[in-house]
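Student: fold the following and give me the result.
(2 chains, ligands or ions: 2)
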Amino acid sequence: MVQNNYLLHVEHLKKYFYREKLFSSDKEPIRAVNDITFSIRRGETLGLVGESGCGKTTAGKSILRLIEPTSGRIFFNGINILDLNREGLRKLRPRMQFIFQDPYESLNPRMKVGEIVGEGLEVHRLARGKEKDDRVAEILGKVGLHPRDAMRYPHEFSGGQRQRIGIARAISLHPELIVADEPVSALDVSIQAQILNLLMDLRDQLGLTYLFISHDLRIVKHISDRIAVMYLGKMAEMANGEDLFRRPLHPYTQILLQAIPKLDPSGRGQKAPIREELSPDSGDRGCLFQPRCPHAKERCRTEGPLLLDHGEDHFVACHFVS
Amino acid sequence: MIKKPLLEIRSLTTHFLTEDGVVRAVEDVSFDIFPGEIVSLVGESGCGKSVTGLSILKLIPSPPGQIVNGEVFFEGRNLLALEEREMERVRGNEISMIFQEPMTSLNPVFTIGNQIMEAIELHQKIDKKEARQRAIEMLDRVRIPSPEVRIDSYPHQLSGGMRQRAMIAMALSCQPRLLIADEPTTALDVTIQAQVLRLLKEIQREMGMAVILITHDLGVVAEIADRVAVMYAGRIVESGPIESIFGQMRHPYTRGLLESIPQLEEKKKRLNAIPGQVPNPTDLPAGCKFHPRCSLRIDECQKGEPPLFQVQGNHYSRCLRWKECC
Ligand SMILES: Nc1ncnc2c1ncn2[C@@H]1O[C@H](COP(=O)(O)OP(=O)(O)OP(=O)(O)O)[C@@H](O)[C@H]1O
Ligand SMILES: [Mg+2]
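Tutor: Ligands and ions are numbered 1, 2, ... in the order given. I've put the predicted structure just below:
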């Protein structure tokens, strides 16, 4: 892959967690992110989906070095950010921002909204005093809040408004890349729609690039250009969004898409049975999805599949792509 | 022949007296449940779904809560007039509830078998051995593999989906006539949710039980409910058979909820989001509670609370402009 076409290029990213067990010699790490490779073009939105615990958030945080990856390479604008020292990373920070899942926990309750949104401007010495206040007012306007809201505290706002504050903070420094981790999951349906619209508007206005993490396939389909499906720390499938929904190739993706509740009761009816969830074991050998896979064969138990291109940038990690 | 309802809720009104004022959590809610049907209560956070469910079983914490008005007839008996002693016999026996937070209803220090057996022994005069056998049968019924082994598991040893099944097993162990299931699948991954929903539907058919399914997810409603009641700010704003509702919505809030959900078939565009936010429950607007957010609003909407208009059959809408809506 030519790195230059991409704003972000992630190679063989791994993040392992080591359990600290007092009375056990168990040194097996938890492979939260287990060797993933992908890229995002400038202005593109990549949706990252998967079920709880599959490593989505860990991947997102590792990419911005909010947690230190175990290994891999992460090129942002062609620079491997894992090679950067603290000062180099600090300089790059404004250009890569994170939006958190929980609007309640991610805002400091003792800071006024104006301070929360203006903090980055000050830390990175981009604006002070009156100029900073003007910038904050402008940013609040962009996310649908009132300039007066700068003087209020987070607890005075509803969930949706707090998420707007989180978004305002994220865009305050003119970032190029935003990693949004389940940014609407904690919100009511009607408020989810408002925030999704806002994120899409800002993307158009500011030319943002998103890594959009969510477990909700409808939402991911709606906002993403391309979609990556994760399963237990690995990429199962990655393709253009329309293509993925029309032609899911990985058995896991097929099961996921089938499980989305339809909004049309007349379409109720026969769905293929879904296998019992089984506890993931089998360590390093074989395909991780094999214990749940309806098509598993002998080879799947002994050899892990690689993520391979099946044409038109449609990548699948399965030995038996139909 | 006209079927008689299993449960008739009439003008149920439940309030909470809080420091900020009176929270009118449920206001004048009426609906019927017929034997063997699944009725869904749907709406956004705080609209009064759980309080409705808890009120039916008289489980409202008091203070601060109080059922200030209404009647709940279960097979002809008004539950709200029963003594607590009689109510205890109804709970878990004739009417069972699955609560919104799964981990608070399963006790972590007892095995799931012990908890199911306790529920059985509480209501039926059978000995330990029989109760254990029944518990194994129930676990088998909710499709938990090797139930004779799993019965001795502690809740934390089960996955989320298994725990949810164990909860269903517990709720069904006395073969209730009515199950109130409050967000039974919300915490689950989508593939597990699909399994649990299908299971619930199968068991409901096998046992001929009626279900009140509380959810915020219209997808879940479309998947398994027979009828639906949409709640907003403590009121039912639209109700009816699901073919009728999904075929032709007659309340702007219901339509707004549906249009807030991205359609899979559509290319991405802005969603038709409902503007504004849910009103503060201690300070509700006059007239129709939805009018400040409504695109069909006219002056009359602020004057008085609209009644329920009959759209057709048992499809009702609480909107003055239901004919023009949607
Ligand atoms: N114990 C309580 N004390 C005070 N207010 C309460 C209490 N329980 C519920 N309420 C209030 O009653 C209203 C309805 O709450 P309810 O729990 O029924 O909502 P819900 O529709 O179940 O929402 P969710 O989807 O979040 O579960 C809310 O305004 C809530 O804050
Ligand atoms: Mg509730």
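Student: what's stretch B:183-195 in contact with?
Tutor: With contact meaning Cβ atoms under 8 Å, 6 or more residues apart in numbering or on different chains, stretch B:183-195 is reached by A:51-52, A:215, A:217, A:255-256, A:258-261, A:271, A:274, A:276-277, B:98, B:100, B:102, B:159-161, B:164, B:167-168, B:196-197, B:200, B:213-217, B:220. All C-beta atoms are positioned from the backbone trio N, CA, C, and that covers glycine.
Student: what about the chain, any weak spots by pLDDT?
Tutor: Just going to use chain A. Scanning chain A for pLDDT under 70 picks out the ranges A:1-4, A:20-27, A:269-284, A:322.
Student: that was the other one, I meant chain B.
Tutor: Those would be B:1-2, B:102-104, B:268, if you go by pLDDT under 70 across chain B.
Student: name the residue closest to the centre of it, please.
Tutor: With distances taken as Cα atoms, centre = their mean, B:I214 lies nearest the centre of chain B, 2.5 Å away.
Student: tell me which element it falls in.
Tutor: Assigned by DSSP states H and E, B:I214 falls within strand B:210-215.
Student: check whether that strand contacts ligand 1.
Tutor: No. Using Cβ under 6 Å from any ligand atom, strand B:210-215 never reaches ligand 1; the gap is at least 6.7 Å.
Student: quick one: strands adjacent to that strand?
Tutor: Here strand B:210-215 has these sheet partners by DSSP bridges: strand B:38-42 (parallel), strand B:178-182 (parallel).
Student: chain neighbours aside, what residue packs nearest to the single nearest residue of the stretch 151-300 of chain A relative to chain B?
Tutor: The nearest approach of the stretch 151-300 of chain A to chain B comes at A:P261, 3.0 Å away (Cβ to the nearest Cβ). Here the nearest residue to A:P261 in space, its sequence neighbours aside, is B:G219; by Cβ to Cβ, 6 or more residues apart in numbering or on different chains that works out to 3.0 Å.
Student: residues near residue 300, how many?
Tutor: No chain in the question, so chain A it is. By other Cβ atoms under 10 Å in any protein chain shown, 21 other residues sit near A:C300.
Student: let me rephrase: I mean chain B.
Tutor: Per other Cβ under 10 Å, the neighbour tally for B:E300 reads 13.
Student: and the residue lying closest to it once chain neighbours are set aside, helix, strand or coil?
Tutor: In space, and not counting its chain neighbours, B:E300 is closest to B:L320: 5.8 Å by Cβ to Cβ, 6+ apart. Classification of B:L320 by DSSP: H, G, I helix; E, B strand; the rest coil places it in coil.
Student: and the gap between B:L320 and ligand 2?
Tutor: 29 Å (Cβ to the ion, to the nearest Å).
Student: next, the contact list for that residue, please.
Tutor: By Cβ under 8 Å, 6+ apart, the residues touching B:L320 are B:288, B:298, B:300-301, B:306.
Student: ok, of those, which one's closest to ligand 2?
Tutor: Among these, B:C288 lies closest to ligand 2 (Cβ to the ion), at 23.1 Å.
Student: thinking that closest one is in contact with B:P306, fair?
Tutor: Yes. Judged on Cβ atoms under 8 Å, B:C288 makes contact with B:P306 at a distance of 5.4 Å.
Student: and for those two, which residues touch both?
Tutor: Common contact partners of B:C288 and B:P306 (Cβ under 8 Å, 6+ apart): B:318-320.
Student: got TSV for the residues you listed, with distance to A:P175 too?
Tutor: Shown next, in TSV, are those (distance: Cβ to Cβ, whole Å):
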residue	distance to A:P175
B:R318	45
B:C319	43
B:L320	47
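Student: and the angle for the lengthiest helix in chain B with strand B:38-42?
Tutor: Ranked by residue count and defined by DSSP state H, the top helix of chain B is helix B:190-207. Note on geometry: by axes from the mean of the first three to the mean of the last three Cα atoms, to 10 degrees, helix B:190-207 and strand B:38-42 are set 140 degrees apart in direction.
Student: near ligand 2, which residues of chain B?
Tutor: B:50, B:100 (Cβ under 5 Å from the ion).
Student: ok, the stretch 51-200 of chain A next?
Tutor: Counting by Cβ under 5 Å from the ion, no residue of the stretch 51-200 of chain A is near ligand 2.
Student: all helices of the stretch 51-200 of chain A, in order?
Tutor: In the stretch 51-200 of chain A, helices defined by DSSP state H, counting those that start in this stretch lie at A:56-63, A:86-92, A:113-123, A:129-142, A:159-171, A:189-206, listed in chain order.
Student: and what of chain B?
Tutor: B:49-56, B:84-90, B:102-105, B:112-123, B:128-141, B:147-150, B:160-172, B:190-207, B:218-224, B:242-247, B:252-259.
Student: including mean neighbour count, could these go into JSON lines?
Tutor: What follows is these, written out as JSON lines (neighbours: other Cβ atoms under 10 Å in any protein chain shown):
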{"stretch": "helix B:49-56", "mean neighbour count": "24"}
{"stretch": "helix B:84-90", "mean neighbour count": "12"}
{"stretch": "helix B:102-105", "mean neighbour count": "14"}
{"stretch": "helix B:112-123", "mean neighbour count": "21"}
{"stretch": "helix B:128-141", "mean neighbour count": "18"}
{"stretch": "helix B:147-150", "mean neighbour count": "16"}
{"stretch": "helix B:160-172", "mean neighbour count": "24"}
{"stretch": "helix B:190-207", "mean neighbour count": "19"}
{"stretch": "helix B:218-224", "mean neighbour count": "23"}
{"stretch": "helix B:242-247", "mean neighbour count": "19"}
{"stretch": "helix B:252-259", "mean neighbour count": "23"}
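Student: as JSON lines, those helices with distance to A:I99 would be great.
Tutor: Listed next are the helices of chain B as JSON lines, based on distance: least, Cβ to Cβ, whole Å:
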{"stretch": "helix B:49-56", "distance to A:I99": "29"}
{"stretch": "helix B:84-90", "distance to A:I99": "47"}
{"stretch": "helix B:102-105", "distance to A:I99": "28"}
{"stretch": "helix B:112-123", "distance to A:I99": "39"}
{"stretch": "helix B:128-141", "distance to A:I99": "42"}
{"stretch": "helix B:147-150", "distance to A:I99": "40"}
{"stretch": "helix B:160-172", "distance to A:I99": "26"}
{"stretch": "helix B:190-207", "distance to A:I99": "22"}
{"stretch": "helix B:218-224", "distance to A:I99": "25"}
{"stretch": "helix B:242-247", "distance to A:I99": "33"}
{"stretch": "helix B:252-259", "distance to A:I99": "24"}
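Student: quick one: closest of these to A:Y16.
Tutor: Proximity to A:Y16 (Cβ to Cβ) singles out helix B:160-172 among the helices of chain B, at 23.8 Å.
Student: find the closest residue to ligand 1 in the stretch 201-326 of chain B.
Tutor: Closest contact between the stretch 201-326 of chain B and ligand 1, by Cβ to the nearest ligand atom, is at B:P281 (3.8 Å).
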